[in-house]
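Undergrad: turn this into a model:
(one chain, ligands or ions: 1)
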Amino acid sequence: MYKFMADHMVKRACEWLRLMGYDISYPESHDDTDILAECKSKNLILLTRDIEFYKRYNRSIYMDSTDFRQQVREIVSMFPPDKHNFFTRCPVCNNPLDEISTANMDSNKFSLVKKRFKVINYCPVCKKFYWKGTHYSKILKEINSLIKNNTGNM
Ligand SMILES: [Zn+2]
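TA: I've put the predicted structure just below:
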């Protein structure tokens, strides 16, 4: 599976792509040389809006559009997503999510979640819980529109 690095100008697209399961790092450094060194050492495909930055690395993709939806569509058309990977990765930090049982969760804080779900997702890095609640259908709808407009045959 391909791994990516998104530069600071494609952060929003990066978060949407992570929701679809793409493995996309986001640089801690603002120094181009540091970012390129990380890309090279981990063999990452760089997604960038900076044409000069793009030219410095042969595994980079220049993101022509400033619109995150268009950026997502561009990546989706080149690297088709796998629906089985949707919602398996933390959109905040890119870490793969764990599946955890709701049985041992705090009954006061999470009574509704416990009632509705036996298993939910958890990011061990962010210590954040993810479940298929109200936001989920909105996110899925957005993802579907991003994919549909692109391929036209899904
Ligand atoms: Zn996380």
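
Undergrad: C-alpha only now, for contacts and for neighbours.
TA: OK.

Undergrad: would you mark the buried spots in stretch 63-70?
TA: By 16 or more other CA atoms under 10 Å, the buried positions in stretch 63-70 come out as Met63, Phe68, Arg69, Gln70.

Undergrad: export those to CSV and tack on secondary structure and pLDDT?
TA: Compiled in CSV, those are given as follows (DSSP: H, G, I helix; E, B strand; the rest coil; pLDDT from 0 to 100):
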residue, secondary structure, pLDDT
Met63, coil, 95
Phe68, helix, 95
Arg69, helix, 95
Gln70, helix, 95
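
Undergrad: show me which pair in these is furthest apart.
TA: The largest separation in the buried residues of stretch 63-70, counting by CA to CA, is between Met63 and Arg69 at 11.2 Å.

Undergrad: how about the residues of this structure by the ion?
TA: Neighbours of the ion within the chain, by CA under 5 Å from the ion: Cys90, Cys93, Cys123, Val125, Cys126.

Undergrad: top of the residues you listed by neighbour count?
TA: Cys90 (25 neighbours; other CA atoms under 10 Å).

Undergrad: which one of the residues of the chain next to the ion is nearest Thr48?
TA: Using CA to CA, those come closest to Thr48 at Cys93, 18.5 Å.

Undergrad: quick check: that closest one vs Cys126, distance?
TA: To Cys126, Cys93 is 7 Å away according to CA to CA, to the nearest Å.
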